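Predicted coordinates and the sequence they were generated for:
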Amino acid sequence: MSRAQGSNREQPSGAQGTSRAQPSRREHAMVEPAEFRSYYGRPIVKEPAWEQPDVPLYLFLGGTAGASASMAAMARLSGLPRLARAGTLVAAGGSLASVAALIHDLGRPERFLYMLRVFKPTSPLSVGSWILAPFSGLAAASAGSMLTGWLRPIGTLAGNAAGLLGPAMCTYTAVLLADTATPAWHEGRRELSVLFAGSAATSGAGAALLLVPTRETAPARRLGLAGAAAELSAEHRLEHNLGVVSETYRDGRAGTLLKAGKALTAVGAGLSLLGTRSRVASAAAGAAYLAAGVCTRFGVYAAGVASARDPKYTVVPQRERMAQTGSSGQ
Amino acid sequence: MSDSGYADTQPRMGFFTDTSVCIGCKACEVACKEWNLVPASGSSGDGGMDLLGLSYDNTGDLGANSWRHVAFIEQQVPASRVDNLGMPTIGAPEQEDEAGVRWLMSSDVCKHCTHAACLDVCPTGALFRTEFDTVVVQPDICNGCGYCVPACPYGVIEKREDDGRAFKCTLCYDRIGDGLEPACAKACPTDSIQYGELDVLRQRAEQRKQELHADGVTEARLYGENPDDGVGGTGAFFLLLDEPEVYGLPPDPVVTTRDLPGMWRRAGAAALGVAAAVVASFVGARR
């Protein structure tokens, strides 16, 4: 029976039944279980209409490309040609693939240019399109020039411009997710931008560690460590500071993916420190960072889906807010 | 200038759905589908012939293919609270303390928020605000990005699977422009669904609430009528007989873009952090 769906584990007596959310973990058993009512346990908000793997991959590839473009620009200035080359190629490949993933996800892919009909600061997807379109164009021009040897100065200029846009590529997707009614994403809005910045930095560093000989990877190693620190601390806050909504980051598919992401990030950071001279250890660190980036993005996406499916995560935080502000609400 | 951006030339139009007189006939659902040519298939995608096992509700929720949705809620209440219609019965007379059942029925619809998240986040401009202060999707512009779907705090708008674009209630934009009332309100046999100028509807709703309170129905409350709520008040609002979540409505919805300036600031700061980290990681790296 659908009545017992969702978190209505205690069968409600009809729709008006009060459900008692079960504490999900032993260590959280001290917390009073949240009581809430619902319509047959059915969701209130719609879960994200985007498809997997398109959108989580778009998040991952865009972030990786953004950090790589910035690294490539700095590497060119610092006279590190192999790091510059790898960063330029990853920026172009990643951003073009992320454009492809975004277009593939549209209900009407032939209308993808409608994304650039208007510029709307209230729509993170509009702002994002206006970041992604020039970024991918510049990154592709830079890579094309580098591979063919044509128009070198213009290619360098394009690469530097992509490098300037790179940090925006790393973090706008956090706003894209947070600017929804999806409880895990909206309640986590403070942490998501730091998480995505950190995850993009480790993924970009990971790609460089994987592709570049060790004598040029020192900057990537440092960037990876900084990114790992930001990522792990933001993830910890998501898992513990969002009240009942934090459950969605700890449990289920999201919990598994995010745990794997954290472990891989730690492994990547450790290997990158150990393998300052070993090409194999350095490449393994890069692979771990990249795998961590994939797990983190898919994990955050899964947490959003889980939080939309269960009305508990919509009702309980709203009721708590009403109790705090003393508002009678509706 | 109204809060939604229109000059006060045309009064804001909306729905007042008085659920205390809803009889659950679903005429609104049928009239809406017929007028707006909304496909039959329900949320389950099986042609709409699914029995959900949720009382008499086989529509489930609002979505691309259901722009009105009648919720059915059966509640156990003391027998004294159930109206005696004087119908003939068989068997022994009922005991005073015997539990009765009360029915809550409510026809849900797009709220046409003053501050509409779906409209705010639409990257193409397909969603727009009409001269009646309603919120409508232009199907010839929508490219099916799906961003409006998770943005709606009520879970109203949805992508139609076989079409790819997003659809929802238009408050019968093509009818009200000609002075007709929307199909659902026209078909409603008890005037549970009332269409009109929002200011008038709000007064009428307040009066109705007070009447019900005077009659002892103290649980009667208005939902969405308050212009100071998280969405700036809704163009379609309700009189409910229990808490909103019992009807599948969020108790304190907030337009997600209310927090957007802060989100952009944090994302900007995080982006500067990435830039600083990249630059710092190259310090001393010059060969």
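Here it is on my side, so go on.

for the chain, what spans make up the strands?
No chain specified, so I'll use chain A. A:18-20, A:35-37 (DSSP state E).

try chain B instead
Using DSSP E, the strands assigned to chain B run over residues B:13-18, B:68-78, B:99-109, B:127-129, B:135-137, B:158-159, B:166-167, B:193-197, B:221-223, B:236-240.

Tell me, how many residues neighbour the closest residue to chain B within chain A?
Proximity of chain A to chain B (CB to the nearest CB) peaks at A:Gly107, 1.9 Å away. For the C-beta atoms, the positions are set from N, CA and C on the backbone; glycine is no exception. Neighbourhood size, A:Gly107 [other CB atoms under 10 Å in any protein chain shown]: 19.

list the contacts for the spatially closest residue to A:Ala308 that is not a sequence neighbour?
Nearest non-adjacent residue to A:Ala308, counting by CB to CB, 6 or more residues apart in numbering or on different chains: A:Glu47, 3.9 Å away. Listed by CB atoms under 8 Å, 6 or more residues apart in numbering or on different chains, the contact set of A:Glu47 reads A:182, A:304-305, A:308-309, B:150.

returning to that earlier point: looking at the strands of chain B, which is buried most?
The highest mean neighbour count among the strands of chain B, using mean count of other CB atoms under 10 Å in any protein chain shown, belongs to strand B:13-18: a mean of 27.

Over to the residue nearest to A:Ala308: give its phi and psi.
Main-chain torsions, A:Glu47, degrees, to the nearest 10: phi -70, psi 160.

And it, how close does it get to B:Pro153?
14 Å (CB to CB, to the nearest Å).

Give me the pLDDT for the closest residue to B:Thr124 other than its chain neighbours.
In this structure, B:Thr124 finds its nearest non-sequential neighbour in A:Tyr114, 4.4 Å apart by CB to CB, 6+ apart. Per-residue confidence (pLDDT) for A:Tyr114: 95.

Now do A:Gly6, the pLDDT please.
pLDDT, A:Gly6: 38.

now do A:Arg237
According to the prediction, A:Arg237 has pLDDT 97.

ok, the closest residue to it other than its chain neighbours - how many residues close by?
Spatially, and ignoring its direct neighbours in sequence, A:Arg237 is nearest to A:Glu191 (4.8 Å; CB to CB, 6+ apart). The number of residues packed near A:Glu191 is 22, by other CB under 10 Å.

ok, A:Glu191 to A:Gly107 distance?
Distance from A:Glu191 to A:Gly107, by CB to CB: 30 Å.

ok, the contacts of A:Glu47 vs A:Leu195, which is closest?
Among the contacts of A:Glu47, A:Gly304 lies closest to A:Leu195 (CB to CB), at 12.8 Å.

residue contacts, the closest one?
A:47-48, A:177, A:180, A:182, A:184-185, A:248, B:150.

among these, who's most crowded?
Result: A:Thr248 is most packed of the contacts of A:Gly304 (other CB under 10 Å), 32 neighbours.

Correct me if wrong: that residue contacts A:Ala184.
Yes. Using CB atoms under 8 Å, A:Thr248 is in contact with A:Ala184, at 4.5 Å.

intersection of neighbour lists for those two?
A:254, A:303-304, A:306-307, A:313.

so of these, which ones are in helices?
Members of the shared contacts of A:Thr248 and A:Ala184 lying in helices (criterion: DSSP state H): A:254, A:303-304, A:306-307, A:313.

can you give me the helices for the chain?
By default, I'm working from chain A. Using DSSP H, the helices found in chain A span residues A:54-78, A:81-105, A:124-148, A:152-178, A:183-187, A:189-211, A:218-240, A:247-250, A:252-274, A:279-309, A:312-325.

wait, I meant chain B there
Along chain B, the segments classed as helices by DSSP H run B:27-36, B:117-121, B:148-151, B:173-176, B:183-187, B:198-214, B:260-281.

Quickly compare those helices and say which is most buried.
Stretch with highest mean neighbour count among the helices of chain B: helix B:148-151 (a mean of 30; mean count of other CB under 10 Å).

quick one: that helix near chain A?
Yes. Applying CB under 8 Å from any CB of the partner chain, one finds helix B:148-151 touching chain A at B:149-151.

ok, back up a step: please name whichever of the strands of chain B is nearest to B:Pro251.
Of all the strands of chain B, strand B:221-223 sits nearest to B:Pro251, with 9.1 Å by CB to CB.

So which elements touch the closest one?
In terms of contacts (3 or more CB pairs under 8 Å, 6 or more residues apart in numbering or on different chains; DSSP states H and E), strand B:221-223 is packed against helix B:198-214, strand B:236-240.

Identify all contacting residues around it.
Here strand B:221-223 makes contact (CB under 8 Å, 6+ apart) with A:330, B:205-206, B:209, B:237-241, B:244, B:249.

Wait, B:Glu219 touches B:Asp242, no?
Yes. Using CB under 8 Å, B:Glu219 is in contact with B:Asp242, at 6.2 Å.

List the residues that contact the residue nearest to A:Arg237.
Listed by CB under 8 Å, 6+ apart, the contact set of A:Glu191 reads A:234-235, A:237-238, A:241.

Output the below-cut-off pLDDT ranges for the chain.
Using chain A here. The model of chain A has pLDDT under 70 over residues A:1-34, A:327-330.

wrong one, I was asking about chain B
Applying pLDDT under 70 to chain B flags residues B:1-2, B:4, B:7-8, B:41-49, B:80, B:82-89, B:91-98, B:286-287.

so what's the residue of it found nearest chain A closest to, chain neighbours aside?
Minimum separation of chain B from chain A (CB to the nearest CB) falls at B:Gly144, amounting to 1.9 Å. In space, not counting the residues next to it along the chain, B:Gly144 is nearest to A:Gly107; the distance is 1.9 Å by CB to CB, 6+ apart.

Contact partners for the nearest residue in space to B:Ala271 that is not next to it in sequence?
Distances taken as CB to CB, 6+ apart place A:Pro167 nearest to B:Ala271, at 3.8 Å, with adjacent residues excluded. Residues in contact with A:Pro167, defined by CB under 8 Å, 6+ apart, are A:66, A:70, A:197, B:271-275, B:278.

Stretch A:193-211 near chain B at all?
Yes. Stretch A:193-211 lies within reach of chain B by CB under 8 Å from any CB, at A:193-194, A:196-197, A:200-201.

how about JSON lines for those residues, with neighbour count added?
As requested, these are arranged in JSON lines below (neighbours: other CB atoms under 10 Å in any protein chain shown):
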{"residue": "A:Ser193", "neighbour count": "29"}
{"residue": "A:Val194", "neighbour count": "23"}
{"residue": "A:Phe196", "neighbour count": "35"}
{"residue": "A:Ala197", "neighbour count": "32"}
{"residue": "A:Ala200", "neighbour count": "35"}
{"residue": "A:Ala201", "neighbour count": "35"}
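
Now do the residue lying closest to A:Ser282 once chain neighbours are set aside against A:Leu210, distance only.
Nearest residue to A:Ser282 in three dimensions, chain neighbours excluded: A:Gly275, at 4.3 Å (CB to CB, 6+ apart). In this structure, A:Gly275 and A:Leu210 are 12 Å apart, going by CB to CB.

again with B:Val135
For B:Val135, the distance to A:Leu210 (CB to CB) stands at 47 Å.

hmm, back to that, could you dump the helices of chain B into CSV and include distance to B:Gln10?
As requested, the helices of chain B are exported to CSV (distance: least, CB to CB, whole Å):
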stretch, distance to B:Gln10
helix B:27-36, 22
helix B:117-121, 18
helix B:148-151, 25
helix B:173-176, 10
helix B:183-187, 18
helix B:198-214, 11
helix B:260-281, 28
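
Now do the phi/psi pair for A:Ile44.
Residue torsions, per degrees, to the nearest 10, at A:Ile44 are phi -90, psi -50.

how many other residues sit next to the closest residue to it other than its chain neighbours?
Closest residue to A:Ile44 apart from its sequence neighbours, by CB to CB, 6+ apart: A:Thr314 at 4.4 Å. Neighbourhood size, A:Thr314 [other CB under 10 Å]: 30.
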